[in-house]
Structure formats: C-alpha cells, structure tokens
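Please work out how this folds:
(one chain, ligands or ions: 1)
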Amino acid sequence: MSVDESIEYSSFEAAQAKSREIEADLLVHPERYRVLTGDRPTGRLHIGHLWGSHQNRVRLQNLGVTSYFVIADYQVLTDHDVFQNIAEFEKELVLDYLSVGIRPEPGKTIIFPHSHVPELNQLLVPFLTLVTNAELDRNPTVKEEILASGQKRINAGMYTYPVHQAADILFCKGNLVPVGKDQLPHLEITRMIARRFNERFAEGKAVFPEPQGLLSETPMIMGLDGAQKMSKSRGNAIMLSASEDETAALIKKAKTDAERHIAYDPEKRPEVANLLKILSLATGETPEAIADRIGDGGSGALKKALTEGLNEYLRPIRAKRKEFEARPDYVRQVLLDGVAQAREIGQRTLDEVRAAMHMEI
Ligand code: TRP
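Next up is the predicted model:
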C-alpha cells in the first residue's frame with residue numbers, strides 16, 4: 001500500500017505564504033494570537049525537536065503571545081502498546097520544556113495533559129459529527145503513521161485522533177498552531193470542523209476561530225545516519241538531556257563518507273552536509289563557512305568541532321534541566337496549575353457550545 005500522493009500537502013505553498021504574513025503581524029500584534037500546540041509524551045526531546053519546533057515556541061512566548069501546550073497523552077494510545085510510563089514521560093516533557101525556556105505563567109503560558117481536561121474531551125462528541133469517514137480515511141499523516149506502526153488492526157482512535165486534536169486546539173479557541181509539514185492535514189481538519197460548527201450549529205456566528213498554521217523556517221535536520229528524520233526510536237538522535245560524553249560517543253558513530261576534504265554539498269554528500277547543518281544551528285555560522293574552516297581536517301575534525309559546538313550550545317539547557325529535575329514538586333505544580341486553567345477556559349467554551357446547539361437546561 002502506498003500513501004496517496006495526490007492529496008498530500010497540496011496546500012504547502014499557500015501555508016508557507018500565510019505563515020510569512022502572520023510572522024509580520026505577530027511582531028506588531030502579538031495579542032491577536034493564541035498559540036496551541038503540543039507533543040505526545042513518548043520520550044525525551046532531541047535536538048531535532050528543539051530546532052524544528054520548540055525554539056520557535058519559546059520565541060512566540062517571548063513575543064508575548066499567550067501559549068497553550070497540550071501534552072497529548074490520550075494520543076499515545078492510538079499507536080503504542082506500552083502505557084506504563086506515560087506519567088513519567090509527561091514529567092520528562094515538562095522538564096524539557098522548562099529547560100529550553102518555556103516559562104509557565106498564569107493566563108500566559110499553560111502546560112496541561114489533555115486526559116485531565118474533561119471539557120476538552122467532551123467537544124470530541126459533537127466534532128465527530130462534523131467530519132465524514134471518507135475525510136478521515138484520506139488523511140495522509142494518519143496513513144503514514146498506520147504504516148509506520150505496523151499495526152494489523154487499526155483502532156478507531158487512530159482514525160479519529162485528528163478530530164481529538166481539533167478539540168485540543170479549539171477548546172481554548174487557539175488560533176495559531178506552530179506545526180511541521182506533517183501536521184498540516186490535521187490542521188485542515190480542525191479548520192473544517194470550526195467552519196462547519198459555526199455554520200451548522202451557530203448560524204454563522206464565529207464560536208470557533210479557524211486556526212492558522214505557522215510553519216517554522218528551520219530546515220529539517222536528519223538523524224546522525226544522515227538518511228532518516230531524527231527520531232529516538234531510530235537511534236539516530238541526540239537528546240537534549242544526553243551527557244556531554246554520550247553526545248561525543250553518538251557523534252563519533254555518525255555516518256560520513258570516504259572523501260577527505262569537507263565541503264557543504266547537501267545533494268551529493270547528505271551525511272556530511274547534515275552534520276555541518278547541525279553545527280551551524282549550534283554556532284550561528286553558515287554550513288559553508290564551517291566546511292571551509294575544516295577543509296582537509298576531514299570528518300574527524302568535523303566530528304570534533306560538532307561535539308564541542310553542540311555541547312557548548314546545550315550546556316545551559318542541560319544545566320537548567322538539572323535544576324528543575326531537583327524540583328519535582330514544582331514540575332507537578334506546573335501541570336496542576338495548567339489543568340486548572342485549561343478546565344476553566346474549557347468550561348466557558350462548553351457553555352457557549354451548548355448554547356449554540358440549543359442544549360441548555
Ligand atoms: N499530533 C501531534 C504530534 O504527533 C501532537 C498534538 C496533539 C498536537 N494535539 C495537538 C500538535 C494540537 C498541535 C496541536 O506531534
């Protein structure tokens with residue numbers, strides 16, 4: 001079975017153009033936006049997460065945008081068989097958030113697991129009536145995840161989790177969703193649900209906003225094998241929380257090529273180019289300038305420079321993580337405060353939803 005390419009990411013260019021427009025407006029009107037984004041609690045974050053998305057979240061927070069971060073623990077049930085460590089992973093995620101600079105603050109920056117917010121989950125019921133089975137069946141990201149999970153029998157939660165994700169976004173009326181390309185089909189479903197809800201149940205009144213995606217400009221970095229996306233399960237990732245020695249050992253094993261002279265050539269030499277790109281993200285130099293400097297030093301010198309540059313970049317993040325690791329009560333409190341605030345806003349939304357649907361008593 002192959003993924004249907006024809007409908008895949010058809011609106012990518014449009015989404016990019018819109019993102020640039022929003023970026024400009026964000027600088028002048030951060031108060032117009034409410035960010036909602038999130039992660040599944042499946043493990044610690046790695047540098048691909050940091051540069052691909054979390055750094056961007058911190059930037060938006062620091063621009064003064066109200067930000068909700070959902071820890072999508074229910075979503076883990078759709079394609080994982082091991083649930084024993086979900087609570088532990090949630091705390092790890094909070095530690096990673098705190099260490100990269102997300103600062104929980106009442107009414108401003110809120111972190112919560114959606115399993116603790118009944119008001120959010122309740123929206124799933126009316127939302128499920130606003131999409132068709134065929135629409136859910138077409139979602140290319142869900143198809144890819146089904147293939148990747150190797151599941152033979154697909155549970156209904158897998159097909160419907162994009163609707164659940166719409167509830168994540170809309171329960172607090174999030175209108176800006178920083179996402180990677182793979183999440184665009186889900187965002188399309190959220191927009192459709194918001195639009196259809198307003199038309200069908202609210203006589204066109206905008207109970208829900210149609211949220212915009214915000215694509216990050218960072219180029220995707222590959223794993224240390226240079227061949228696949230960086231991910232913990234593929235064993236090609238450097239975790240934010242890795243020690244300096246672990247980082248050195250991973251980079252030592254990274255794939256390069258037989259050519260001695262180091263040059264930046266993403267087409268012909270993807271592995272070397274990827275290491276240069278990672279170092280460039282850590283130091284702010286261009287990959288070309290780094291390649292020039294290393295030149296005939298070969299991959300040994302490149303790996304040494306990368307180890308030093310990356311460890312230096314991650315040092316303050318790792319130090320901050322250690323500080324928060326020593327404060328488990330604070331980490332728990334962050335989640336409890338987040339849940340309380342999420343429930344409050346969810347209750348207000350649910351009241352409006354019931355009123356729109358003529359279900360008040
Ligand atoms: N599906 C997202 C992922 O796999 C996680 C997620 C859950 C999310 N709810 C969300 C992302 C809402 C953005 C907005 O990474």
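
Spell out which residues of the protein are next to the ligand.
Proximity of the chain to the ligand, by Cβ under 6 Å from any ligand atom, involves residues 36-40, 70, 72, 75, 165, 168-169, 177, 183. From N, CA and C alone the C-beta is placed, and that goes for glycine too.

quick one: pLDDT of residue 148?
As predicted, residue 148 sits at a pLDDT of 84.

Hmm, I typed the wrong one, I wanted residue 204.
88.

Please apply the same query to residue 3.
At residue 3, pLDDT is 39.

what's the answer for the one 4 residues further on, then?
With respect to pLDDT, residue 7 has a value of 37.

ok, now residue 182?
Per the predicted model, pLDDT is 87 at residue 182.

Can you classify it by secondary structure?
Assigned with DSSP: H, G, I helix; E, B strand; the rest coil, residue 182 falls in the helix class.

Run through the residues that contact it.
141, 144 (Cβ atoms under 8 Å, 6 or more residues apart in numbering).

same deal with residue 131?
Counted by Cβ under 8 Å, 6+ apart, residue 131 has contacts 163, 189, 192-193, 196.

Distance to residue 298 added to the residues of the chain next to the ligand, as TSV?
Listed next are the residues of the chain next to the ligand as TSV, based on distance: Cβ to Cβ, whole Å:
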residue	distance to residue 298
36	46
37	41
38	42
39	38
40	39
70	45
72	43
75	44
165	46
168	48
169	48
177	43
183	39
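
Mind checking which of those land in strands?
Per DSSP state E, strands hold the following members of the residues of the chain next to the ligand: 36-39, 70, 177.

related to what we said a few turns ago, please list only the buried members of the contacts of residue 131.
163, 189, 193 (16 or more other Cβ atoms under 10 Å).

Tell me the spacing between the first one and residue 304.
With distances taken as Cβ to Cβ, to the nearest Å, residue 163 is found 49 Å from residue 304.

what's the helix or strand hosting residue 308 packed up against?
In the assignment (DSSP states H and E), residue 308 maps to helix 298-325. Contacts defined by 3 or more Cβ pairs under 8 Å, 6 or more residues apart in numbering; DSSP states H and E place helix 298-325 against helix 86-100, helix 244-252, helix 270-283, helix 287-294.

So what's the residue count around the closest residue to residue 116 other than its chain neighbours?
If the residues on either side of it in the chain are set aside, residue 116 comes closest to residue 339, at 4.4 Å by Cβ to Cβ, 6 or more residues apart in numbering. By other Cβ atoms under 10 Å, 19 other residues sit near residue 339.

Which positions within the helix or strand hosting residue 339 qualify as buried?
Assigned by DSSP H and E, residue 339 belongs to helix 328-356. By 16+ other Cβ under 10 Å, the buried positions in helix 328-356 come out as 331, 334-335, 337-339, 341-343, 345-346, 349-350, 353, 356.

if we can go back for a sec, looking at the contacts of residue 131, which is nearest residue 247?
residue 189 (38.3 Å; Cβ to Cβ).

a helix runs through the closest one, doesn't it?
Yes: using three-state DSSP, the assignment for residue 189 is a helix.

thinking again about what came up before, export the helices and strands packed on helix 298-325 to JSON lines and tack on distance to residue 111, mean neighbour count and mean pLDDT?
Listed next are those as JSON lines, based on distance: least, Cβ to Cβ, whole Å; neighbours: other Cβ atoms under 10 Å; pLDDT from 0 to 100:
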{"stretch": "helix 86-100", "distance to residue 111": "6", "mean neighbour count": "21", "mean pLDDT": "97"}
{"stretch": "helix 244-252", "distance to residue 111": "27", "mean neighbour count": "15", "mean pLDDT": "97"}
{"stretch": "helix 270-283", "distance to residue 111": "25", "mean neighbour count": "22", "mean pLDDT": "96"}
{"stretch": "helix 287-294", "distance to residue 111": "34", "mean neighbour count": "18", "mean pLDDT": "97"}
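
Please tabulate those in TSV and include distance to residue 229 as additional columns.
Conversion of those to TSV gives the following (distance: least, Cβ to Cβ, whole Å):
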stretch	distance to residue 229
helix 86-100	18
helix 244-252	16
helix 270-283	11
helix 287-294	19
